[in-house]
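S.K.: Just the structure for this:
(chains A and B)
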Amino acid sequence: IQLTQSPSSLSASVGDRVTITCRASQGISSDLAWFQQKPGRAPKLLIYAASTLQSGVPSRFSGSGSGTDFTLTISSLQPEDFATYYCQQLNSFPITFGQGTRLEIK
Amino acid sequence: QLLESGGHLVQPGESLRLSCAASGFTFSGYAMSWVRQAPGRGLEWVSTLGTTGGTYYADSVKGRFTVSSDRSRTTLYLQMNSLRGDDTAVYFCAKYSLGASGRLFDPWGQGTLVTVSS
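M.R.: Model prediction:
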């Protein structure tokens, strides 16, 4: 199952609302997760099951979607949110990741 | 909670075994996975060891890599044979479990770097 994220990169300002989309090549129910990764660090789980916020993750992060189309929304960007974001499908093997979305400071 | 080790510089064709040690929990009842990231690239799932011992591999490593654990299910291994240049990456291990509403990879280790070069 291929996952296509858009955009590949994004420039935004602190306080902006940002949306990243992830499209699956076939239906994956709600078996989708979102990760944040900063340089030199391991990925950090933000959202799983498409819309469940992982414990400890700020509520400005939210996820939605099912089937083939999913979104990650950051309601009000904070300085620490500038990073690369990945979606991941866990519906079937091989598990796959999107190519990533780099979120940069405008 | 997860600590990988074993990564270093090897020549093409050589073998290497990575370890992932869990602290504070055992793998019993959980699946465990390896994910890698080549320099400047995205995340690539490599392998999963299931709760009942089943194994799953990416096509890129099938037949060359083997995932396993110790009997106490506190250390995960990745035996990598016939290494190639495109295996160069940081290798992460992650717990693959069933949360309140679905499956998730969490937590992750900090990663260990494997470099394949002559």
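S.K.: contacts for stretch A:29-43?
M.R.: Residues from elsewhere that reach stretch A:29-43 (Cβ atoms under 8 Å, 6 or more residues apart in numbering or on different chains): A:22, A:24, A:44-51, A:61, A:63, A:65-67, A:70, A:72, A:81, A:83-91, A:100, B:35, B:43, B:92, B:101-105, B:108-111. Every residue, glycine included, has its C-beta placed from N, CA and C.
S.K.: Go through those residues and flag which are in strands.
M.R.: Taking DSSP state E, the ones among the contacts of stretch A:29-43 that sit in strands are A:22, A:24, A:44-48, A:61, A:63, A:65-66, A:70, A:72, A:84-89, B:35, B:43, B:92, B:103-105, B:108.
S.K.: Looking at chain A, which residue is nearest chain B?
M.R.: Distances between chain A and chain B by Cβ to the nearest Cβ are smallest at residue A:49, namely 2.9 Å.
S.K.: correct me, but residue B:84 touches residue B:12?
M.R.: Yes - here residue B:84 reaches residue B:12: they are 6.0 Å apart, a contact under Cβ atoms under 8 Å.
S.K.: Identify the contacts common to those two.
M.R.: Common neighbours of residue B:84 and residue B:12 (criterion: Cβ under 8 Å, 6+ apart): residue B:116.
S.K.: For chain B, which residues are neighbours of chain A?
M.R.: Contacts of chain B with chain A, taken as Cβ under 8 Å from any Cβ of the partner chain, map to B:33, B:35, B:42-45, B:48, B:56, B:58-59, B:92, B:96, B:99-106, B:108-111.
S.K.: Report the beta-bridge partners for residue A:36.
M.R.: Assessed by DSSP bridges, residue A:36 has beta-bridge partners residue A:44, residue A:85.
S.K.: any idea how far it lies from residue A:20?
M.R.: Look at residue A:36 and residue A:20: by Cβ to Cβ, to the nearest Å, they are 11 Å apart.
S.K.: Need the overlap of contacts for the two.
M.R.: residue A:85.
S.K.: Quick check: residue A:41 vs residue A:34, distance?
M.R.: 16 Å.
S.K.: So which of these two has more stuff around it?
M.R.: Comparing residue A:41 with residue A:34 by other Cβ atoms under 10 Å in any protein chain shown, the one with more neighbours is residue A:34, at 29 against 12.
S.K.: Quick one: name the residues of chain A near chain B.
M.R.: A:30-31, A:33, A:35, A:37, A:41-45, A:48-50, A:52, A:54, A:86, A:88, A:90, A:93-100.
S.K.: let's see it at 7 Å
M.R.: Contact residues (Cβ under 7 Å from any Cβ of the partner chain) of chain A with chain B: A:30-31, A:33, A:42-43, A:45, A:48-49, A:52, A:54, A:86, A:90, A:93-97, A:99-100.
S.K.: And those residues, which of them are buried?
M.R.: Buried residues within those, defined by neighbour count using 16 or more other Cβ atoms under 10 Å in any protein chain shown: A:30-31, A:33, A:42-43, A:45, A:48-49, A:52, A:54, A:86, A:90, A:94-97, A:99-100.
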